[in-house]
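Chemist: Curious how this folds, go ahead:
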Amino acid sequence: MPVDYDLVILGGTLAAREAAAMAARLRAQVALIEPSVNPPLGLTADLVCCGLQQVLQSSGPGPMDVAEAVAWLQALDGAVAAERSPAHLTALGVDVIQSSAEFVRRPMFGLRVGPRLLRSRRFLLATGTYTVMPPIPGLVALSPMQRLTPEALAQPQLWTKLASRMPQQIALLGDGAIALAWAQIWARLGATVTLICPDGVLPHADREVAARLVMHLEADGIQVLAHRTVMQVQSEGDRLQLKTNHRANDEILDADALLVTLQQPQVEGLNLEGIRLQSTPQLPQNSRQQTANSRIYALSGNPQMARYEAQVAVQAALAVPWQPRWRRRAAEGLWISQVVPTDPPLAQVGLTEEAARQRWGDRTIVMRQSLNAIPKAHLRQRNGGICKLILRPNGQLVGAHILAAEAEEWIGIVALAMQQRLSLTYLASGAIAPLAMAEVLHQAAIDWHQHHQQPLLLALYDCWFDGLRTRSR
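Modeler: Numbers count the residues shown, from 1 in each chain. Predicted structure coming up:
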């Protein structure tokens with residue numbers, strides 16, 4: 001019996017809509033299942049952080065006006081959602097269905113959507129993530145104004161309520177990019193912030209650059225507690241007491257609110273257990289975004305990898321001929337840049353210094369370039385960052401970790417150089433415009449060229465110019 005669709009996407013996220021549009025442009029029969037209640041697609045946690053950081057930078061010194069932030073969020077939600085509306089997808093030929101859904105095995109394998117059974121060659125889970133509450137005694141009993149989440153902060157209505165009673169002391173639980181960004185935002189709103197990182201600050205980032213970012217956060221007055229565990233939360237009126245543990249030592253922290261940023265994939269209600277697909281924090285099992293069920297593909301839930309993973313999943317699920325194949329190294333995410341939306345932002349791509357030394361040992365080349373020689377950094381008073389480049393012994397770029405203003409804009413230069421397997425010397429050829437923050441890459445390439453010339457080549461240069469001077473009159 002023929003199936004109804006080539007691809008059925010379970011969505012509710014921007015990545016799901018982009019995947020549906022991509023598949024429809026390939027002339028595939030596509031259905032997009034979205035929740036009955038439209039989520040605020042424009043106001044993802046990343047976009048809210050970026051939007052508030054823009055307001056913070058434009059508002060100058062001092063506490064930020066919350067009303068201004070609410071106006072920014074409302075405009076952001078309307079602008080982003082309008083560009084990816086269901087009407088636009090319907091015009092492309094996508095069947096957009098607003099309903100709950102669950103997988104079934106009988107009478108035939110498919111997706112039960114109300115009274116309908118949708119059958120497809122492949123399925124894609126792009127439902128995003130949600131904040132998971134860790135099993136901490138007393139946490140669930142907190143009121144919504146005391147137990148905050150990134151999803152709640154993406155609602156402009158919550159900021160309107162907070163305007164009359166802004167938390168003066170706030171604790172954040174998490175160790176990822178969103179936790180660090182929210183910690184800085186609350187600090188610049190005038191609150192006293194304590195950031196609790198159970199697994200350390202950015203455990204998968206380069207340690208040296210992550211430590212530099214912590215210094216910037218501490219300069220904003222944020223107390224960073226790494227490798228600290230919250231054992232219990234107690235509410236006493238409008239105040240909270242958090243009992244933390246570190247190396248067998250207990251400490252009590254006071255706060256007005258607790259922001260939890262721990263995330264996991266949103267797959268509840270899909271009946272994955274009924275089709276013998278175990279729900280785990282990492283649903284994709286291979287580089288093609290395929291799960292243990294060969295007909296079901298999934299995104300990992302990392303919002304910064306979502307667009308790339310959607311491209312990989314759609315091409316792999318549809319098995320479209322005449323399309324460029326994704327190399328395994330690219331599928332591992334080595335060429336995909338990721339950004340921590342702080343101020344200054346941390347942009348990173350490729351291997352960390354620790355990972356590179358595991359492959360090439362002491363032959364790994366690490367270059368550190370400050371921004372002191374960059375004119376634009378001084379003009380913007382942002383010369384306190386660092387550009388750390390990781391190279392193979394032959395000078396090929398394999399990683400970059402940049403903590404600097406506008407780093408999210410020019411990390412793509414390094415990513416492209418890595419994708420083309422270029423040496424750092426190619427960045428010294430004038431491809432980077434002067435008076436730009438990315439000029440630090442040009443300066444790093446020049447330094448590399450000067451300090452890593454072969455001794456034999458330098459001796460030949462000496463002989464060459466000696467000869468020229470001897471013949472000149």
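
Chemist: tell me the contacts of the residue nearest to Pro167 when sequence neighbours are not counted?
Modeler: Counting by C-beta to C-beta, 6 or more residues apart in numbering, Asp256 is the residue found nearest to Pro167 once chain neighbours are left out, at 3.9 Å. Using the backbone N, CA and C atoms, a C-beta is placed for each residue, glycine as well. When contacts are counted by C-beta atoms under 8 Å, 6 or more residues apart in numbering, Asp256 is found next to Gln146, Pro167, Gln168, Gln169, Ile170, Asp238, Arg239, Leu240.

Chemist: Help me confirm that the fifth one is found in a strand?
Modeler: Yes: looking at Ile170 with DSSP: H, G, I helix; E, B strand; the rest coil, it is inside a strand.

Chemist: residues contacting it?
Modeler: Neighbouring residues of Ile170 by C-beta under 8 Å, 6+ apart: Leu148, Trp186, Ala191, Thr192, Val193, Thr194, Ala255, Asp256, Ala257, Leu258, Leu259.

Chemist: Mind checking which of those land in strands?
Modeler: Within the contacts of Ile170, residues falling in strands by DSSP state E are Leu148, Thr192, Val193, Thr194, Ala255, Ala257, Leu258, Leu259.

Chemist: Is it correct that the second one is in contact with Gln169?
Modeler: Yes: here Thr192 lies in contact with Gln169, judged by C-beta atoms under 8 Å, at a distance of 4.6 Å.

Chemist: the helices in the stretch 351-473 of the chain, which residues?
Modeler: For the stretch 351-473 of the chain, helices defined by DSSP state H, counting those that start in this stretch occupy the ranges 353-360, 375-379, 407-419, 439-451, 455-471.

Chemist: Minimum distance to Gln157: which of these has it?
Modeler: Among the helices of the stretch 351-473 of the chain, the nearest to Gln157 by C-beta to C-beta is helix 407-419 (29.0 Å).

Chemist: Give the other helices and strands that that closest one contacts.
Modeler: Packing partners of helix 407-419 (3 or more C-beta pairs under 8 Å, 6 or more residues apart in numbering; DSSP states H and E): strand 338-340, strand 346-350, strand 397-403, helix 439-451.

Chemist: Show me how far the first one is from its chain's centre.
Modeler: Strand 338-340 has its C-alpha centroid displaced from the chain centroid by 5 Å (C-alpha atoms, centre = their mean, to the nearest Å).

Chemist: strands paired with that strand, and their directions?
Modeler: Strand 338-340 has the following sheet partners, assigned by DSSP bridges: strand 346-350 (antiparallel).

Chemist: Taking strand 397-403 as reference, get the angle to the strand it pairs with.
Modeler: Angle of strand 346-350 versus strand 397-403, following axes from the mean of the first three to the mean of the last three C-alpha atoms, to 10 degrees, is 170 degrees.

Chemist: hmm, who's touching strand 346-350?
Modeler: 177, 202, 205-206, 209-210, 213, 334-340, 390, 397-403, 407-408, 410-411, 414-415, 418.

Chemist: Equivalent analysis for stretch 113-121, please.
Modeler: Contacts of stretch 113-121 (C-beta under 8 Å, 6+ apart): 1, 3-8, 31, 33, 97, 99-101, 104, 108-112, 295, 317.

Chemist: Which ones among these lie within helices?
Modeler: Counting by DSSP state H, the contacts of stretch 113-121 place Ala317 in helices.

Chemist: among the contacts of stretch 113-121, which ones are buried?
Modeler: The neighbour-count test (16 or more other C-beta atoms under 10 Å) marks 4-8, 31, 33, 97, 101, 109-111, 317 as buried among the contacts of stretch 113-121.

Chemist: Name the nearest of the residues you listed relative to Ser287.
Modeler: Closest approach to Ser287 among these (C-beta to C-beta): Ala317, at 13.5 Å.

Chemist: List the residues that contact that closest one.
Modeler: By C-beta under 8 Å, 6+ apart, Ala317 lies in contact with Leu7, Arg121, Arg122, Leu124, Tyr297.
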